[in-house]
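Colleague: Build the 3D model from these lines:
(one chain, ligands or ions: 1)
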Amino acid sequence: MKRVVAFLVLSVLVIAALFAGGQEESSEQTYTITAGIGLNDRSAQYESLESFKEIVERESNGRISVELYHSSQLGDDREMMEALQRGEQEMTCPSTAPIVPFVPEFGVFDLPFLFPSNEAADYVLDGEVGQQLLDRLSDVGIKGLVYWENGYRHLTNSVRAVRTPADVSGMKVRTMENPMHLDAWRAMGANPTPMAFGELFSAMQQGVVDGQENPWGTIYLQNFPEVQGFATDTGHVYSPFVLMIGQGFWDNLPQDLQEVVMDAAIQARDTNRELNRRYNREYMEQLKEIMTVVELTPDERAQFQGAVRSVYADYADAIGQDLIEAVMEKIEAFQSTN
Ligand code: TK8
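Modeller: Model (predicted):
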């Protein structure tokens with residue numbers, strides 16, 4: 001009898017211990033990262049976010065789950081940054097142009113014809129100047145993680161084959177919501193209108209605008225050729241993306257999970273750049289089959305460069321002349337060693 005009692009008592013203790021252990025496990029805090037972007041789920045950006053999600057969920061042993069939203073389902077770039085600030089959304093990945101109203105120095109990347117190559121851009125963005133700018137985001141309640149890539153932007157339109165600035169004269173071109181982009185297109189002779197990306201397709205369809213500019217992958221994957229017959233490889237500006245997370249959310253994450261998120265952001269960045277460059281290359285070839293694609297001669301490209309040069313001086317104060325020079329020095333340093 002004593003033995004039976006002892007056995008029962010022991011069993012109760014073992015079961016209690018198991019429950020206590022289980023309880024400890026389940027009280028370990030879990031986190032959800034809700035991430036939204038403007039592009040659709042066929043974009044290199046979305047596919048790179050899927051890779052980020054997979055790495056984070058695996059490496060955190062399920063303590064972080066990541067939920068993805070595309071096609072401006074959660075809002076446009078500016079709205080999603082505001083949601084990050086309020087702690088209502090954790091992650092987004094805008095082009096640098098819509099970041100300018102929050103941190104004016106990001107305008108340095110809007111300077112037309114700044115980066116001579118993707119690799120020169122990587123060098124500047126992943127170096128100290130790029131990091132300084134990411135750090136400035138914490139002044140507005142956002143943690144800048146790393147730079148991904150949107151890429152070189154090219155003009156499309158529904159009116160004519162564009163070869164020179166004279167051809168864009170009076171053309172209604174949608175730009176990102178940023179004064180330098182407006183001024184650059186005015187300088188080229190166009191009649192630009194700023195607009196959120198999510199409104200662009202129907203604006204082109206309804207003839208509210210004649211044209212727009214984005215990388216080849218976006219032009220193809222967002223079905224722009226349905227409403228745009230002409231493209232020109234202007235490559236007038238290189239758009240970085242910034243993968244960012246709400247500062248409050250970040251500060252609350254235990255350090256080991258911050259490391260998981262940062263490592264995943266970097267790994268997915270490398271995936272993103274490779275994928276994005278391949279898409280931009282391959283989709284340009286496919287676009288040639290379904291729309292007129294004008295490839296500029298060096299002389300024609302120089303005409304566009306000449307037309308927008310004034311923007312550099314006009315925005316020196318807003319961006320900071322020192323910052324512009326620091327970026328140009330880095331580009332030169334990269335060019336001389338490569
Ligand atoms: C996507 C935007 C877009 C950008 C634009 O959210 O607005 O034209 O190029 O890709 O960041």
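Colleague: With just CA atoms, put stretch 114-134 into CSV.
Modeller: Taking Å, rounded to 0.1, in the frame of the first residue of the first chain, the C-alpha atoms of stretch 114-134 are listed here in CSV:
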residue,chain,number,x,y,z
LEU,A,114,24.7,59.3,-60.2
PHE,A,115,25.7,55.6,-60.1
PRO,A,116,27.7,54.3,-63.1
SER,A,117,26.9,50.7,-62.3
ASN,A,118,24.9,48.4,-59.9
GLU,A,119,28.3,47.4,-58.4
ALA,A,120,29.2,51.0,-57.7
ALA,A,121,25.9,51.5,-56.0
ASP,A,122,26.4,48.3,-53.8
TYR,A,123,29.8,49.7,-52.8
VAL,A,124,28.4,53.1,-51.6
LEU,A,125,25.2,51.7,-50.1
ASP,A,126,26.9,48.9,-48.1
GLY,A,127,29.7,51.2,-47.0
GLU,A,128,29.9,53.9,-44.3
VAL,A,129,27.9,56.6,-46.2
GLY,A,130,25.0,54.2,-46.7
GLN,A,131,25.1,53.1,-43.1
GLN,A,132,25.1,56.8,-41.9
LEU,A,133,21.9,57.3,-43.8
LEU,A,134,20.3,54.2,-42.4
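Colleague: isn't G211 right up against R174?
Modeller: Yes. Applying CB atoms under 8 Å, one finds G211 in contact with R174, separated by 7.2 Å. For every residue, glycine as well, the C-beta is placed using N, CA and C.
Colleague: Between the two, which contacts overlap?
Modeller: With contacts taken as CB atoms under 8 Å, 6 or more residues apart in numbering, the residues that reach both G211 and R174 are M204.
Colleague: where's the residue most central in space within the chain relative to the ligand, distance?
Modeller: With the centre of the chain defined as its mean C-alpha position, the nearest residue by CA atoms, centre = their mean is F241, 2.5 Å away. When CB to the nearest ligand atom, to the nearest Å is applied, the distance between F241 and the ligand equals 7 Å.
Colleague: how would you label that residue: helix, strand or coil?
Modeller: Assigned by DSSP: H, G, I helix; E, B strand; the rest coil, the conformation of F241 is strand.
Colleague: and if you look at the one 4 residues further on?
Modeller: When states are read from three-state DSSP, the local structure at I245 comes out as strand.
Colleague: Which residues of the stretch 151-300 of the chain lie near the ligand?
Modeller: Applying the criterion CB under 6 Å from any ligand atom, the portion of the stretch 151-300 of the chain that neighbours the ligand consists of M176, F197, N214, T218, S239.
Colleague: Could you find the closest non-adjacent residue to the third one?
Modeller: By the measure of CB to CB, 6 or more residues apart in numbering, the closest residue to N214 outside its immediate chain neighbours is R153, 5.7 Å from it.
Colleague: Many thanks, I have nothing further to ask.
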